[in-house]
Every structure is written in C-alpha cells, then in structure tokens.
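# I would like to see how this sequence folds:
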Amino acid sequence: MSFMNSINIIGSGLTAQQLRLDIVAENVTNSQTTRTENGGGAYRRKLVVFEALSGRDTFRAALARASNGLISNTEAAPVAGGVRVAEIVEDEDDPMKMVYDPSHPDANEDGYVELPNVDMVMEMADAMAATRAYASNVTAFNTLKTVLSSGLEIGR
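Coordinates of the predicted model:
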C-alpha cells in the first residue's frame with residue numbers, strides 16, 4: 001500500500017468523525033426543540049452509521065499486479081480502504097419524553113409536551129468517543145509523516 005492510500009484512509013476517518021461530532025452538536029442544540037420544520041412533532045435524535053471500506057487485496061492479486069508492472073492498486077481496488085458514512089438515521093428506538101406543562105404552546109389536550117429523545121449523557125459520551133477517534137487519526141497521520149520524513153532522510 002502506498003503512502004497516499006494511507007493518507008486517504010486516515011482522511012476518511014477524520015471526515016467521518018467530524019461528521020459524527022456535527023451530528024452530536026445538532027442533537028445537543030435541538031434537545032429542547034418541540035417542533036420540526038415539516039410539522040412532525042418533536043426533534044428526533046440522529047445517529048451516524050459508519051461503513052468500512054475495504055481496499056485490501058489478496059496476496060495473489062497484489063503479486064499479479066506487481067508482475068504486470070502495476071505499482072498502484074487503482075485498477076484492482078479503486079478504494080484504498082477506510083470508512084465512510086453510510087447514512088444518518090433518526091433514533092426510533094428511544095421513546096420521546098413526555099413532560100407535563102399545560103402552559104406550553106405545544107402541549108396536547110392532557111397538558112403534556114413531547115420533548116426530544118436526546119439524552120445529554122449519551123451525547124457527551126458519543127462526543128468524547130468521536131473526539132478520541134479523531135485524535136487517533138491525527139496521531140496516525142503524524143506517525144505517517146514521521147515515517148515519510150525518515151525515508152526521505154535515507155536518500156540524502
């Protein structure tokens with residue numbers, strides 16, 4: 001695998017974790033939103049679904065490529081690997097919170113207001129996990145930079 005493939009893999013991880021943090025921020029921001037644009041009631045928590053991209057070859061395929069003089073694996077495997085966001089879904093499993101507040105404009109006939117199913121503890125845990133994963137990708141990139149720099153020093 002060339003160093004450009006490694007950079008692409010690390011970049012896909014950085015991009016995916018950044019989107020995950022954006023979705024956590026959206027969830028926290030809308031934690032008290034009782035109306036959505038389309039009139040569907042209270043805001044529903046969103047989740048990011050990741051999908052692994054595999055660009056790995058078997059040894060046989062790599063050897064065949066090498067024997068044909070192909071150094072890059074772009075013909076055999078157009079994707080270097082990494083991760084991508086498969087979709088952003090609404091959390092349908094966790095129920096909405098019902099709070100008694102008859103003075104609220106969105107209260108039903110019994111005086112209950114439907115609040116989003118956003119749990120701040122879960123959001124903060126998700127944000128910390130995304131931040132750690134992002135930092136791990138930055139560490140991998142810095143390590144790759146060090147290896148590349150060391151390789152260039154050999155040529156001097």
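
# For the helix or strand containing Leu53, buried residues please.
For Leu53, the host element (DSSP states H and E) is strand 46-54. Neighbour-count burial for strand 46-54 flags Lys46, Leu47, Val48, Phe50, Leu53 (criterion: 16 or more other C-beta atoms under 10 Å). Where you see a C-beta, it was placed from the backbone N, CA and C, and this is true even at glycine.

# and the first one, what is it in contact with?
Same thing as Lys46. Ile23, Glu26, Asn27, Ile88, Val89, Glu90, Asp91 (C-beta atoms under 8 Å, 6 or more residues apart in numbering).

# ok, 6 Å please
Neighbouring residues of Lys46 by C-beta atoms under 6 Å, 6 or more residues apart in numbering: Ile23, Ile88, Glu90.

# Likewise for the fourth one?
Listed by C-beta under 6 Å, 6+ apart, the contact partners of Phe50 are Ala16, Val83.

# what sits opposite it in the beta ladder?
Val85 (DSSP bridges).

# roughly how far apart are it and Val83?
Separation of Phe50 from Val83 (C-beta to C-beta, to the nearest Å) stands at 5 Å.

# Can you show me the strands along the chain?
For the chain, strands defined by DSSP state E occupy the ranges 46-54, 81-90, 97-100, 112-115.

# Give me the distance from the first one to the chain's centre.
Counting by C-alpha atoms, centre = their mean, to the nearest Å, strand 46-54 is centred 6 Å from the centre of its parent chain.

# same check, this time on the last one
Remark: strand 112-115 is offset 30 Å from the chain centroid, using C-alpha atoms, centre = their mean.

# Same question for the third one.
Once both centres are worked out by C-alpha atoms, centre = their mean, strand 97-100 turns out to sit 31 Å from its chain's centre.

# Alright, calling it a day.
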